[in-house]
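K.L.:
Provide a 3D model corresponding to the input given below.
(one chain, ligands or ions: 2)
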Amino acid sequence: MYEWWQRGVVYQIYPRSFQDSNGDGIGDLPGIISRLDYLVDLGIDAVWICPIYPSPMADFGYDISDYRNVDPQFGTLADLDRLIAELHRRNLKLILDFVPNHTSSEHPWFQASRRSRHDPKRDWYIWRDAKDDGQPPNNWLSEFGGSAWTWDEDTRQFYYHAFLAQQPDLNWRNPRVREAMFDVMRFWLARGVDGYRVDAIHLLVENESLPDNPPNPDWHAGMSPARRLLRMHTADLPDTHALIPEMRKIADEFTARVLIGEASVPVERLKHYYGQALEGFQLPFNFHLMRTPFEALPIASLIRRYEAALPPGGWPNWVLGNHDRSRLRSRLGGAAQSRLAAVLLLTLRGTPTLYYGEEIGMGDVVVESDAVRDPWERNVPGLGLGRDPCRTPMRWSAAAGAGFTSGVPWLPIGGNLDERNVATQRDDPSSFLSLYRNLLALRRAEPALHVGEYREVWVDEQCLVYERTQDARRLLVALNFSDTSCPLPAQEPLRACLSTHAPVRTAEQKSTLLPFEGIILEPCN
Ligand code: GLC
Ligand code: CA
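P.N.:
Ligands and ions are numbered 1, 2, ... in the order given. Below you'll find the predicted structure:
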């Protein structure tokens, strides 16, 4: 009665950095295929791969010049078909990235659109006249720095781009654009892809009359320049919400497919992405754990707010890291905290998404300024906005190139290689990898964990305890967010099934939580 995307765990792969198969220093599809047994052993259920389509790589694949092919850097369509088959043979699902908001400026649609004001594709993008003084039509800002409008000298108009000038926004008010993009969705679903993660969905449609966005009173100099303005007229608009059920209808032309929406909106707004009758995305991403202080009280209150904000029957989901955010170990300040975070992510109610490399405790890698690749860091340097540090190659072994490449990796491998790699951790019961493997195995074995109810049992400044129940089965999860031990706040005798503090003291009675300990317990009887 539960769907695979409710029971399962999603593993996110940044394809440039997972496994290189031909020595060019860039990960590729044959590389991913060669590592599928690792994913089976790890115990995940679905793989989401960031864009692999032909792209000039201005935003590393999020600028797509052909929606129906594979970029030669990543392989061929035949490789993609083989990936689908090899995943399905192992009972794993494949989720691709769908980028509806913008194309590459090199996409033939945009090339046609910019050719003349009368081209039939002109209205596929958002073109506007300059103001009388030659300035852009309004004050809207690009996420990656500067105005969101770029002047086209040949046709003497501005075009709108929520991201880079090389990523012009499509005009979703145009029914031809919608049909063309729905056909793109069908193209991969028909090849056997199990669903999409839909990129930047909250930015799909803008206010047509182009009012200025108001200033953000909370903006300060350390923040992204784009946040100077509130996105009142450019994000999270009702016209965007109305398009989501249309996308869902396309997915529902096929069986058992999922749509995951990348909507960066407050908890209370997520319902617009589910749809009131759940006719929208099955899983609008919940990014709020990444924005909440890693402390017991704020996290307990986030869980309450999120659960309360879900529309009736809406399935929850949780994200702790991705290709746009600092890695857990660096963000939370240490190995102990990130191990605790793993227990949290994999025991909350709802589908977890796990970012590659977190399972071996990778941290952000320092990328020297002359090695920076991310366009955001290049445009807006020095504020820590750059995403290269969390996109560095997966570390398979302590060998040169980390087993990722025999060539020169496109981003540096980073330090601590001896300890932070798959080969070293595989047989060490106290390693990160063992913790993740055990957690994933327990989550899969226990319906209470993958589909059970959630109830908060106890929270104070140090620790959070909740229970997960399914029928008669009851498990307790106790998390100590502090650096001192504390008594386990529980009345009944409990024994540990799993702890961050290896070796796992199975069957041992527990009455104390160690510093930063996360533990899954069952009643003794
Ligand atoms: C999303 C992606 C990000 C990308 C942007 C533009 O936020 O996660 O990586 O740069 O959209 O497509
Ligand atoms: Ca390669």
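K.L.:
and stretch 389-398, how far apart are its ends?
P.N.:
19 Å (CA to CA, to the nearest Å).
K.L.:
Flag every buried residue along that stretch.
P.N.:
389-396 (16 or more other CB atoms under 10 Å). Any C-beta I mention is one placed from the backbone N, CA and C, and that applies to glycine too.
K.L.:
Just name the closest of those residues to ligand 1, please.
P.N.:
residue 391 (9.2 Å; CB to the nearest ligand atom).
K.L.:
Would you tell me which helix is longest in this structure?
P.N.:
In the chain, taking DSSP state H as the definition, the longest helix is helix 175-190.
K.L.:
element containing the residue in the chain positioned nearest to ligand 1?
P.N.:
Nearest residue of the chain to ligand 1 (CB to the nearest ligand atom) works out as residue 62 at 3.3 Å. Assigned by DSSP states H and E, residue 62 belongs to no helix or strand.
K.L.:
how many neighbours does it have?
P.N.:
Neighbour count for residue 62, taken as other CB atoms under 10 Å: 23.
K.L.:
What's the separation between it and residue 16?
P.N.:
Distance, residue 62 to residue 16, using CB to CB, to the nearest Å: 12 Å.
K.L.:
Could you do residue 397 as well?
P.N.:
Per CB to CB, residue 397 is found 19 Å from residue 16.
K.L.:
try residue 40
P.N.:
The gap separating residue 40 from residue 16 is 23 Å, by CB to CB.
K.L.:
neighbour count winner among those two?
P.N.:
The residue with more neighbours, out of residue 40 and residue 16, is residue 16; 26 against 13, by other CB under 10 Å.
K.L.:
so who does that one touch?
P.N.:
Residue 16 is in contact with 26-27, 60-61, 73, 391, 410, counting by CB atoms under 8 Å, 6 or more residues apart in numbering.
K.L.:
Rebuild those residues as TSV, extending it with secondary structure and pLDDT.
P.N.:
TSV is the format used below for these (DSSP: H, G, I helix; E, B strand; the rest coil; pLDDT from 0 to 100):
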residue	secondary structure	pLDDT
26	coil	98
27	coil	98
60	coil	98
61	coil	98
73	coil	98
391	coil	98
410	coil	98
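K.L.:
Out of the residues you listed, who's the most crowded?
P.N.:
That'd be residue 27 among the contacts of residue 16, by other CB under 10 Å, with 28 neighbours.
K.L.:
in stretch 73-81, what's buried?
P.N.:
Buried, per 16+ other CB under 10 Å, within stretch 73-81: 73-75, 79-80.
K.L.:
Could you chop this structure up by domain?
P.N.:
4-103+174-439, 108-160, 453-523 (automatic domain parsing).
K.L.:
For those, give me TSV that also has distance to residue 166.
P.N.:
Formatted as TSV, the domains of the chain follow (distance: least, CB to CB, whole Å):
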stretch	distance to residue 166
domain 4-103+174-439	4
domain 108-160	9
domain 453-523	42
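K.L.:
just the strands in the stretch 251-400 of the chain please.
P.N.:
Secondary structure of the stretch 251-400 of the chain, counting by DSSP state E, counting those that start in this stretch: strands at 258-261, 283-284, 317-319, 351-355.
K.L.:
closest one to ligand 2 among the ones you listed?
P.N.:
Closest of the strands of the stretch 251-400 of the chain to ligand 2 is strand 351-355, at 20.8 Å (criterion: CB to the ion).
K.L.:
The closest one - which strands sit beside it in the sheet, and in what orientation?
P.N.:
Sheet pairing here is set by DSSP bridges, and for strand 351-355 it gives strand 10-13 (parallel), strand 317-319 (parallel).
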